[in-house]
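>>> Show me the folded form of this:
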Amino acid sequence: MADWFARPVLNVTDVEASLRFYVNQLGFTNPWRYNEDGKVRVAQVDRQGCALILADTWPEKIGKGLLFISLNVEPGTCEAAIAALDGLRAELEAKGVPVKEGSWGYRLLVVDDPDGNQLFFNYPNESASSKTARDEARSPSDA
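Next up is the predicted model:
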């Protein structure tokens, strides 16, 4: 049987601006992009096996993306996963990326892209309150 490979689409206002955020601040690479009429309309970003498509083709869906991204570590090594997530948080904050705490029955790191799409990085086996990640991660001005 063939393996599956998923690339979620995040809808954004400006693909070039989003590329700068994902590449310069989140550490992704940009293996390809599609230009139309001199403007980048669709692009892929990759980081350590995580591939995302950035597109400006569905304006009604901009900022509505929610992605869970898990770090692959050996089973039974929660300490390694926690250390990796703490390291990721330090890396992102050093680049000026706001990182928020969130929960979805367990602890999350939450990163909003410039359009409000949210990336959730989960801490394994660390329970949290019963609030959802959206309840905690969205700012009060979003209510």
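>>> mind listing what the nearest residue to Trp58 once chain neighbours are set aside touches?
When the adjacent residues along the chain are set aside, Trp58 lies closest to Asn11, with 5.0 Å between them (Cβ to Cβ, 6 or more residues apart in numbering). Every C-beta, even on glycine, is put in place using the N, C-alpha and C of the backbone. By Cβ atoms under 8 Å, 6 or more residues apart in numbering, the contact set of Asn11 is 55-59, 61-65, 115, 117.
>>> Need the residue closest to the centroid of this structure.
Among the residues of the chain, the smallest C-alpha distance to the mean C-alpha position (Cα atoms, centre = their mean) belongs to Leu119, namely 2.9 Å.
>>> Look up the residues forming beta bridges with that one.
Listed beta-bridge partners, Leu119: Leu67, Val111 (assigned using DSSP bridges).
>>> Tell me the pLDDT of it.
Leu119 carries a pLDDT value of 96.
>>> Now do the same contact list for it.
67, 69, 110-113.
>>> who touches stretch 59-69?
8-13, 50, 52, 56, 115-122, 133-134.
>>> Which positions within it qualify as buried?
Of the residues in stretch 59-69, those with enough neighbours to count as buried (16 or more other Cβ atoms under 10 Å) are 62, 65, 69.
>>> Present those residues as CSV; the columns should include pLDDT, secondary structure and distance to Arg33.
Written out in CSV, the entries for the buried residues of stretch 59-69 read as follows (pLDDT from 0 to 100; DSSP: H, G, I helix; E, B strand; the rest coil; distance: Cβ to Cβ, whole Å):
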residue, pLDDT, secondary structure, distance to Arg33
Ile62, 97, coil, 18
Gly65, 96, coil, 19
Ile69, 90, strand, 22
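>>> Now render the residues you listed as TSV, adding distance to Gly38.
Putting the buried residues of stretch 59-69 into TSV (distance: Cβ to Cβ, whole Å) gives the following:
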residue	distance to Gly38
Ile62	21
Gly65	26
Ile69	32
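>>> This completes my enquiry, with thanks.
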